[in-house]
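Novice: sequence and predicted structure below; questions after.
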Amino acid sequence: MRAISLMLAAATIVVTQPAAAANRLKAPEILGEWCSYGDDAETRTYSAISNLYLTPNKTEREEQVRECGDRILRFRPDVYHGWEHTCRYLSVKEWEDRSKPYAIKTDRGAPSAVIQAKCTGEGCTWNERITVSWSKGTLYVRVRPTGERCG
């Protein structure tokens with residue numbers, strides 16, 4: 001009986017690990033801190049404060065964060081943070097988008113992801129579907145919130 005219990009426990013671990021991995025963002029180009037520039041458009045554009053290719057020293061980073069103010073978006077493997085809200089990933093689908101270039105003179109496509117997330121902020125909860133892609137050093141983000149509840 002003990003052997004069966006151990007086998008069931010091991011099987012449970014094997015079965016649950018892929019599901020947990022599906023809730024994590026892996027693209028190193030997207031992970032990091034970003035500052036939005038431009039107007040509120042359907043798709044916002046962001047420049048890096050710190051990410052895979054940019055690692056400012058402490059003073060430079062603090063200056064960039066101060067200049068950006070409330071337009072910062074921080075992507076972590078399992079969560080992203082914006083101005084007064086946090087969104088925990090429910091599912092993440094990643095791919096290389098061949099319609100957008102990774103960089104000049106490369107054959108790679110842009111690292112991209114669609115993230116379903118549960119968000120909270122200022123006493124409210126909602127779901128978001130966020131589409132993110134990184135092309136030539138710029139992050140492109142489209143957010144579609146649904147089902148906001150406050151109270």
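Specialist: Nice, I can see it. Residues are numbered from 1 along each chain as shown.
Novice: tell me what the longest strand along the chain is packed against?
Specialist: What stands out as the longest strand in the chain, according to DSSP state E, is strand 85-101. The contact analysis (3 or more CB pairs under 8 Å, 6 or more residues apart in numbering; DSSP states H and E) places strand 85-101 against strand 79-82, strand 109-121, strand 124-135. Yep, even glycine has a C-beta here, placed from its N, CA and C like the rest.
Novice: need the three-state assignment for residue 34.
Specialist: When classified by DSSP: H, G, I helix; E, B strand; the rest coil, residue 34 comes out as strand.
Novice: now residue 64
Specialist: Going by three-state DSSP, the secondary structure assigned to residue 64 is helix.
Novice: what angle do the longest strand of the chain and strand 124-135 make?
Specialist: On the basis of axes from the mean of the first three to the mean of the last three CA atoms, to 10 degrees, strand 85-101 is oriented at 20 degrees to strand 124-135.
Novice: how far off centre is strand 85-101?
Specialist: Offset of strand 85-101 from its chain centre (CA atoms, centre = their mean, to the nearest Å): 6 Å.
Novice: repeat for stretch 42-57
Specialist: Centre-to-centre, stretch 42-57 and its host chain are 12 Å apart (CA atoms, centre = their mean).
Novice: mind saving the C-alpha coords of that stretch as CSV?
Specialist: Output of stretch 42-57 as CSV, limited to C-alpha atoms (Å, rounded to 0.1, in the frame of the first residue of the first chain):
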residue,chain,number,x,y,z
GLU,A,42,-4.6,50.2,-28.4
THR,A,43,-1.1,48.9,-28.4
ARG,A,44,1.4,50.7,-26.1
THR,A,45,5.1,50.9,-26.7
TYR,A,46,7.7,50.6,-23.9
SER,A,47,11.4,51.2,-23.7
ALA,A,48,13.6,49.3,-21.3
ILE,A,49,14.6,50.5,-17.9
SER,A,50,16.3,47.2,-17.1
ASN,A,51,16.1,43.9,-18.9
LEU,A,52,18.2,41.2,-20.6
TYR,A,53,20.2,43.8,-22.7
LEU,A,54,20.2,46.8,-20.3
THR,A,55,21.5,46.7,-16.7
PRO,A,56,21.9,50.2,-15.4
ASN,A,57,23.7,50.9,-12.2
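Novice: thanks a lot, see you next time.
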